[in-house]
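[1] Need a 3D model of the sequence below.
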Amino acid sequence: MDPALRNKNLITDIPGIQVGHAEDNKIGTGVTIITGDKPFSAAVDVRGGGPGTRETDMLSLENSIGRADAIVLSGGSAFGLDACAEVQDLLRQDNKGYKVGKAVVPLVPGAVIFDLNINDKPHVNIIGEHSPWRILANKAYKSINTDFLLGSFGAGCGATTATLKGGQGSSSYLQALSNGREYVVGAIVINNAVGNPLLNEGPHFLSANLEVGNEFGGHGVSNDLYDNILRAKRLPSSTEQNEIFNNISSNTVIGVVATNAPLTRSNLKRLAIMAHDGIARSLSPSHTPMDGDTIFAITTCQNIEEQLLENVDILALGARASDCVARACNRAIYEAEAIGNSKPGWKNLFRSK
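    Take a look at the predicted model:
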């Protein structure tokens, strides 16, 4: 195993980060929560043309707060943003949030994917405390831990891509910087992309060269990778064009990149920007008018002013964050299992090859 690969290869390898998730296979949706004992310094970068988000303006550099008590990733399209409200209520009950006089206001940014075409969802008409996304958010919050599952779990339950079942993926890496210290970089993504994660019809992942160990099967890089890239189609020929355009408005990649390095909010914004390259490297096409690609960037470091980093270190962390996002996108595909009427999982098609 690569010595820089962290012990769980999850975003929770970063001290101070925990993840909870819950899913409902019957209706094909779920919720994932990223939180910790202390609030995160946070930024966000939105690159897709059809985002579904909450509280992203709060994280803009020109605004005052720039923190998050939790980040919610959810299925359900705009209905799924209801999960953020449930998490906010639960945080307030735990006395976690931004203190304003006697008031405690938990700050919970979030982003959603469109999964309403997976199984039947008459429940979208249910609002208030009985909303399925509130119920799932409650379960997810109560499951928060440093261990969590990949594939068709959490917000990845109903995720899909152009060619395969999508899902929830994560990765981490230990990065040495110029100050002689090492910091952990990690990512968690919900891969529900418009694009194709494979090199043409597969089975090779588009960014197979980034694999660490056998984290997405050890299938390796295509022997004729260069020739394949020259001939690569944005979507495989076996995918009917009508099918693509009928479903093309229903996809996106959302996620969080994180570190324990001392990053300012401007640094975190740069990390989020660079992390989007991981989506572009692992999915083709990406950042389309129909995607809602959104990446949050957070740090658990509480003493940022005392440990300012050099630009070369921001470059190294951003490049590693991009790698982690690409690897997490691939792990989401590799671990996903088909549910209901979804597309097949990678293992369903290629496990024996």
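
[2] Show me the shaky parts of the stretch 251-353 of the chain.
    Under the criterion pLDDT under 70, the flagged ranges of the stretch 251-353 of the chain are 305-306, 352-353.

[3] got it, and the stretch 101-250 of the chain?
    Using pLDDT under 70, the stretch 101-250 of the chain drops low at 120-129, 223-250.

[4] which residues in the stretch 151-300 of the chain form strands?
    Counting by DSSP state E, counting those that start in this stretch, the stretch 151-300 of the chain has these strands, from start to end: 167-176, 182-192, 252-259, 294-299.

[5] Quick one: closest of those to residue 335.
    strand 167-176 (6.2 Å; CB to CB). No exception for glycine: its C-beta is placed from N, CA and C like everyone else's.

[6] buried ones in the longest helix seen in the chain?
    The longest helix of the chain (DSSP state H) is helix 311-335. Neighbour counts using 16 or more other CB atoms under 10 Å place 313-314, 316-335 of helix 311-335 among the buried residues.

[7] any idea how far that helix is from the chain center?
    Distance, stretch centre to chain centre, for helix 311-335: 11 Å (CA atoms, centre = their mean, to the nearest Å).

[8] Report the angle between it and strand 182-192.
    Helix 311-335 runs at 40 degrees relative to strand 182-192, counting by axes from the mean of the first three to the mean of the last three CA atoms, to 10 degrees.

[9] what about dumping the CA coordinates of the next helix or strand along the chain from helix 311-335 to PDB?
    Next helix or strand after helix 311-335 toward the C-terminus (DSSP states H and E): helix 346-350. This file holds the C-alpha atoms of helix 346-350, laid out as PDB (Å, rounded to 0.1, in the frame of the first residue of the first chain):
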ATOM      1  CA  TRP A 346     -19.800  -1.500 -12.600                       C
ATOM      2  CA  LYS A 347     -19.300  -4.900 -10.900                       C
ATOM      3  CA  ASN A 348     -22.500  -6.300 -12.500                       C
ATOM      4  CA  LEU A 349     -20.900  -5.700 -15.900                       C
ATOM      5  CA  PHE A 350     -17.200  -6.200 -15.400                       C
END
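
[10] To residue 268, which of the strands of the stretch 151-300 of the chain lies closest?
    Nearest to residue 268 among the strands of the stretch 151-300 of the chain is strand 294-299; the distance by CB to CB comes to 4.3 Å.

[11] Strand partners (parallel or antiparallel) of the closest one?
    The strands beside strand 294-299 in its sheet (DSSP bridges) come out as strand 29-46 (antiparallel), strand 252-259 (parallel).

[12] was I right about residue 289 contacting residue 50?
    Yes. Assessed by CB atoms under 8 Å, residue 289 is found in contact with residue 50 at 6.9 Å.
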